[in-house]
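Below are the sequence and a predicted model for it; my questions follow.
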Amino acid sequence: MKTSNEKLQAYAELLLRKGVNLQAGQRLFVRKAPVEQVEFMRILAQTAYRMGARHVEIFWADDRITRTRFELAPDDSFNEYPTHQTEAMVEGAKRGDAFMAITGANPSLLDGIDSRRVADAVRAENQAMSEFRSYSMRNAVNWLVAAVPTSGWARTVFPRLAPEKAVQRLWEHIFRLCRLDLDDPIEAWEEHATEIAGRTDYLNARQYQALHYRGPGTDLMVGLPERHQWHGVGSRTPKGVEFIPNMPTEEVFTLPHSRRVDGTVTATRPLAISGRTIDGFTLRFEGGRVVDMSARVGEDSLRETLETDPGAARLGEVALVPDSSPVSRSGLLFHNTLFDENASCHLALGRAYRFCLADGEQLSGDEFAGRGGNSSMVHYDFMIGSAELHIDGETAEGSTEAVFRSGEWAF
Ligand code: ZN
Ligand code: ZN
């Protein structure tokens, strides 16, 4: 049985209409489109043109070519990044274009590669992308991260299935988690957005000054800055284009105070960073900074990640996701942050989103930092949720209220 074209068509429409919300007359950039799924990319481009796109620019990616580069290219070449892509995107952001990034590369693609090569390449890419990100992190443009399976990713999630079956099974899970199995997916997304808005409204009104996390291997206080804003599902550009930057998305999130995080936190799911896996890790924070860490798998990768720049050892996101979320209920480990982060409460190392502070978009870099916003080239979500996680909110008066009990919303 093949993945039906109707399903791919419905997925393309959901991503373009409800996700990035492509406007007639906009140009669309698509990064990291997998060559393996050229058929889906053709459908996506055709749908975009039918919606009135002026131009669809696709930047292709291929796991095997990427792996070959890391095996054969000279040592000193990994500091370079092909800036024609990032320059075109910055130009596009200034012009008001729309942006999609595809996730779905093999999570263990770079296993066994010299970690200095990977670290150099990650740094070069983050540097090259930083100007574009100054637009997307402020929601100055409509953008979306969505998944398209590769055979390497599918094999990791379903190691016992034949390769073609694994890809097909992964597509089915992506469709279901994006609510495409429902009669009216667009309406289902609107209902979902309304439910999430109820949570963010409540938390925004409470304005907790800190969250206290307790669970196995976790006892962590995360300070929240004054006038922090909780977000979920929907975003909006200054021109009023409403878009959903991640599909699927189940999270409610804001920014932590980068200098008020203390205690220990233990990850509950593995973290895939740039083709390498980090698992079984614990971080200890003092005054907002990681001062101690250990990992059962990938400790070197974790250390390199924390040393990327000063902000990489501080937090930039706190996100709440009930343990009963659809991704969690699937019982699958996706080895892909877009999915696994929506199965679990998580934190992120690295940069914070400007729009998580009231008036954050207007602040200078120093003002943002002064109010507790973290800056870094990197932003890595890591999962800390489970059915044994409890979270309390500390009010300005110093009393505590239940926010999460046993992995579920407590209000
Ligand atoms: Zn998140
Ligand atoms: Zn994040």
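Okay, I see it. Ligands and ions are numbered 1, 2, ... in the order given.

Quickly note the distance from the nearest residue to T200 once chain neighbours are set aside to A98.
Among residues not flanking T200 along the chain, W230 sits closest, at 4.2 Å (Cβ to Cβ, 6 or more residues apart in numbering). (C-beta placed from N, C-alpha, C; glycine too.) The gap separating W230 from A98 is 25 Å, by Cβ to Cβ, to the nearest Å.

Likewise for T194?
25 Å.

In this protein, what residue comes closest to ligand 1?
A319 (4.0 Å; Cβ to the ion).

Name the next helix or strand following the helix or strand that residue falls within along the chain.
Here A319, judged by DSSP states H and E, is contained in strand 315-320. Heading C-terminal from strand 315-320, the first helix or strand you meet, by DSSP H and E, is helix 326-329.

name the helices or strands packed onto that next one?
Helices and strands touching helix 326-329, as assessed by 3 or more Cβ pairs under 8 Å, 6 or more residues apart in numbering; DSSP states H and E, comprise helix 163-177.

Now the helix it packs on: buried residues?
Burial within helix 163-177, assessed by neighbour count using 16 or more other Cβ atoms under 10 Å, is assigned to A166, V167, Q168, R169, L170, W171, H173, I174, F175, L177.

from memory V233 sits against E190, does it?
No. Proximity of V233 to E190 does not meet the contact threshold set by Cβ atoms under 8 Å, at 9.6 Å.

How far off centre is the lowest-mean-pLDDT helix or strand in the chain?
Lowest by mean pLDDT, DSSP states H and E among the helices and strands of the chain is strand 271-273, with a mean of 86. The chain centroid and the centroid of strand 271-273 are separated by 11 Å under Cα atoms, centre = their mean, to the nearest Å.

Is there any residue in that strand that contacts ligand 2?
No. Judged by Cβ under 5 Å from the ion, strand 271-273 makes no contact with ligand 2; its nearest approach is 11.7 Å.

which stretches of the stretch 201-350 of the chain aren't confidently modelled?
Along the stretch 201-350 of the chain, the model assigns pLDDT under 70 to no residue.

just to revisit the earlier point, which helices and strands does the strand holding A319 pack with?
strand 252-254, strand 346-350, strand 379-383.

Try it again at 6 Å.
Counting contacts by 3 or more Cβ pairs under 6 Å, 6 or more residues apart in numbering; DSSP states H and E, strand 315-320 packs against strand 252-254, strand 346-350.

how deep is V35 tucked in, by neighbour count?
13 (other Cβ atoms under 10 Å).

Just to check, it is in contact with D62?
Yes. Using Cβ atoms under 6 Å, V35 is in contact with D62, at 4.4 Å.

Pull the number of nearby residues for T156.
The burial count for T156: 21, using other Cβ under 10 Å.

is it true that it lies in a strand?
No. Counting by DSSP: H, G, I helix; E, B strand; the rest coil, T156 is not found in a strand; it is helix.

That one: what's it in contact with?
Residues counted as contacts of T156 (Cβ atoms under 6 Å, 6 or more residues apart in numbering) are P107, H335.

Look up how far D63 lies from it.
11 Å.

same deal with R206?
45 Å.

more crowded one of the two?
Shown here are R206 and D63; by other Cβ under 10 Å, D63 has more neighbours (20 against 16).

From what I see, the more buried one and L109 are in contact.
Yes. Contact status for D63 versus L109: in contact at 5.4 Å, counting by Cβ under 6 Å.

residue ranges of the helices in this protein, please?
5-13, 38-50, 63-72, 83-95, 115-136, 151-157, 163-177, 185-206, 299-306, 326-329, 337-340, 365-370 (DSSP state H).

In a markdown table: the ones you listed, plus distance to ligand 2.
Shown next, in a markdown table, are these (distance: least, Cβ to the ion, whole Å):
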| stretch | distance to ligand 2 |
| --- | --- |
| helix 5-13 | 23 |
| helix 38-50 | 24 |
| helix 63-72 | 23 |
| helix 83-95 | 20 |
| helix 115-136 | 12 |
| helix 151-157 | 19 |
| helix 163-177 | 17 |
| helix 185-206 | 16 |
| helix 299-306 | 14 |
| helix 326-329 | 15 |
| helix 337-340 | 8 |
| helix 365-370 | 17 |
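
Around ligand 1, which positions in the stretch 201-350 of the chain sit nearby?
So the stretch 201-350 of the chain meets ligand 1 at E251, A319, E341 (Cβ under 5 Å from the ion).

in the sheet, who's paired with the second one?
I take that to be A319. The partner list for A319 in beta bridges (DSSP bridges) reads F253, H346.

so who does L180 touch?
A10.

Same question for R351.
G316, S375, S376, H379.

residues near the residue lying closest to the second one once chain neighbours are set aside, how many?
Nearest-residue entry for S375: G311, 5.0 Å, with adjacent residues in sequence omitted and distances by Cβ to Cβ, 6+ apart. When counting by other Cβ under 10 Å, one arrives at 22 neighbours for G311.

Could you double-check that G311 sits in contact with V378?
No. At 7.8 Å, G311 does not count as touching V378 under the criterion of Cβ under 6 Å.
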